[in-house]
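Peer 1: Please work out how this folds:
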Amino acid sequence: MSIIALTRDARYYRFVVVGLLVCAGCIAYLDRTAMAIANLEIGHDFGLSYSTLGLLLSSTTWFYMSAQLPAGVLSDRLPARWLLLASLLSWGASQILCGTANGVGGVLLGRCALGLGEAPLFLAGTRVIKQWFDETECAAPIGVFSASASFGQTIAPAILSSIMVRWGWHAMFLWIGVASAVMGVVWGMFYRDPGTQGVRSPSPRPTAAPAPPPAARGMTFYLRHLLANRTAWAMAVGFMGVMYLLWLYSAWLPTYLRTVQHFSAEDAGYLATIPQLSGFLGGLCGGFIVDALARRGLPPLLCSRQPLAWALSVASVATMAAGLTHMAWLTLSIMSIALFAVGVAMTCGWTLGAVIVGEDAVATMEAFQNVGGSFGAAMAPIVTGVAVQATGAYLSALVIAGAIGVGCVLVYILGVRRTIDLDGIA
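Peer 2: Have a look, this model is predicted:
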């Protein structure tokens, strides 16, 4: 970390920074969840099948995934103030494009642009937190920031369903597009880097051969070395399971409640908040679990990896179990357990990426990990749509998701055993 002493004002300000990032994260997942809320209406308007809806639901994630590595490199190089301002304004414009679309092509274009616009958010945001907080206290704020995704998904069904029922899905997209742009302006007005807030940098540690500064290493230095590192690949593959499970529920839960449990669009929106709220609480708990383990003297890598593996195991088993009952209250209860565990696992995944490399490579490492996560997130809506269309039921889709999760637990346990030392590379 680049900060060891903070003025009193700066100590308060860093929590304002976390608050701004949390607001941006919530809005980002309002934007992403909008398609899941409106997919039956859009499918009806444009005559789309379940398989085609799955492709449309995953379109954002494919472009989000493709932009992760460039966004990670940029997040490690460019000022977060301007990078996130551009990000928020661009994804706000993409949602407005969806709201003005008169055909499926316009919606598809807007959703693809959304993926590109949102790509830097959690990468640059995690690096910002790593700059403002010491290594022993950064897990909790990273957990809160990570949980903003789940909180956005928690409030999205109720808010967006209400807007859609009253004014239509076009108005829903327009509303969240404007909210995103406003958030961008707020971020640009209020965020400043640590050096402008009275922060004193630590004295450099004496070393025999100090590592060259990031600028001297070239834009792709860290990326090239991560691509050749087995631990980095294990983290990317493991995170795929976390995000697959998250987006199984994010993309299809409202539709499941409407088509299987026969709730109205508005009722399904409210009921979908129950598991999503559980996921938000899990995300918060994940950060505090990691910090608690750190205070007990556990190495930083194990502080994140151990709860991650346990949580992902619980989420996988609960997801498979959810397909074995048709009682709405029991299904929602099991899915709530699953999403709580997914929230814990997601936060632990982000904190693991933040401690496994040095500060200068955090965003690039998180981007590399998130490519795997985004692949899982992109595949979940497609595989689920195909499975439901082929079998007429959700059981096979839930079993597939659980099996993927269990496989990724093994990847974490066997493949992530040591930190990645990039600072010692000349």
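
Peer 1: low-scoring stretches of the stretch 51-200 of the chain, by residue?
Peer 2: Low-confidence regions of the stretch 51-200 of the chain, defined by pLDDT under 70, span residues 136, 195-200.

Peer 1: Run through the helices of it in chain order.
Peer 2: Secondary structure of the stretch 51-200 of the chain, counting by DSSP state H, counting those that start in this stretch: helices at 68-77, 80-99, 104-118, 121-132, 139-167, 169-190.

Peer 1: Compare those helices and give me the one nearest residue 390.
Peer 2: Distance to residue 390, taken as CB to CB, is lowest for helix 104-118 among those, at 22.6 Å. For glycine as for every other residue, the C-beta is placed from the backbone atoms N, C-alpha and C.

Peer 1: So residue 233, which state does it fall into?
Peer 2: In three-state terms, and counting by DSSP: H, G, I helix; E, B strand; the rest coil, residue 233 is helix.

Peer 1: whoops, I mixed them up, residue 351
Peer 2: In the three-state summary, residue 351 is assigned as helix, counting by three-state DSSP.

Peer 1: Residue 252 versus that one, what's the distance?
Peer 2: 28 Å (CB to CB, to the nearest Å).

Peer 1: Who are the contact partners of residue 387?
Peer 2: With CB atoms under 8 Å, 6 or more residues apart in numbering as the criterion, the residues that contact residue 387 are 394, 396-397, 400.

Peer 1: one more time with 6 Å, if that's ok
Peer 2: 396-397 (CB atoms under 6 Å, 6 or more residues apart in numbering).

Peer 1: Kindly report the same for residue 411.
Peer 2: The contact partners of residue 411, taken as CB under 6 Å, 6+ apart, are 234, 237-238.

Peer 1: quick one: it from residue 235, how far?
Peer 2: Counting by CB to CB, the gap from residue 411 to residue 235 is 9 Å.

Peer 1: cool, residue 368 as well?
Peer 2: 8 Å.

Peer 1: Looking at the two, which has the bigger crowd around it?
Peer 2: When neighbours are counted by other CB atoms under 10 Å, residue 368 and residue 235 differ, and residue 235 comes out ahead with 29 against 25.

Peer 1: name the element the residue nearest to the more buried one when sequence neighbours are not counted belongs to?
Peer 2: Taking CB to CB, 6 or more residues apart in numbering as the measure, residue 235 lies nearest to residue 369, with 4.7 Å between them; neighbours along the chain are not counted. Residue 369 is part of helix 362-391, with elements assigned from DSSP states H and E.

Peer 1: What residues of the following helix or strand past that helix count as buried?
Peer 2: Counting by DSSP H and E, the element after helix 362-391 in chain order, helix or strand, is helix 395-415. When neighbours are counted by 16 or more other CB atoms under 10 Å, the buried residues of helix 395-415 are found to be 396-402, 404-405, 408-409, 411-413, 415.

Peer 1: Check stretch 65-85 too.
Peer 2: 65-76, 80-81, 83-85.

Peer 1: does the residue nearest to residue 339 when sequence neighbours are not counted sit in a helix or strand, and which one?
Peer 2: The shortest distance from residue 339 to any non-neighbouring residue, by CB to CB, 6+ apart, is to residue 279 (3.6 Å). In this structure, residue 279 sits in helix 265-295 according to DSSP H and E.

Peer 1: Going by neighbour count, list what's buried in that helix.
Peer 2: By neighbour count with 16+ other CB under 10 Å, helix 265-295 contains the buried residues 265, 268-269, 271-287, 289-291, 293-294.
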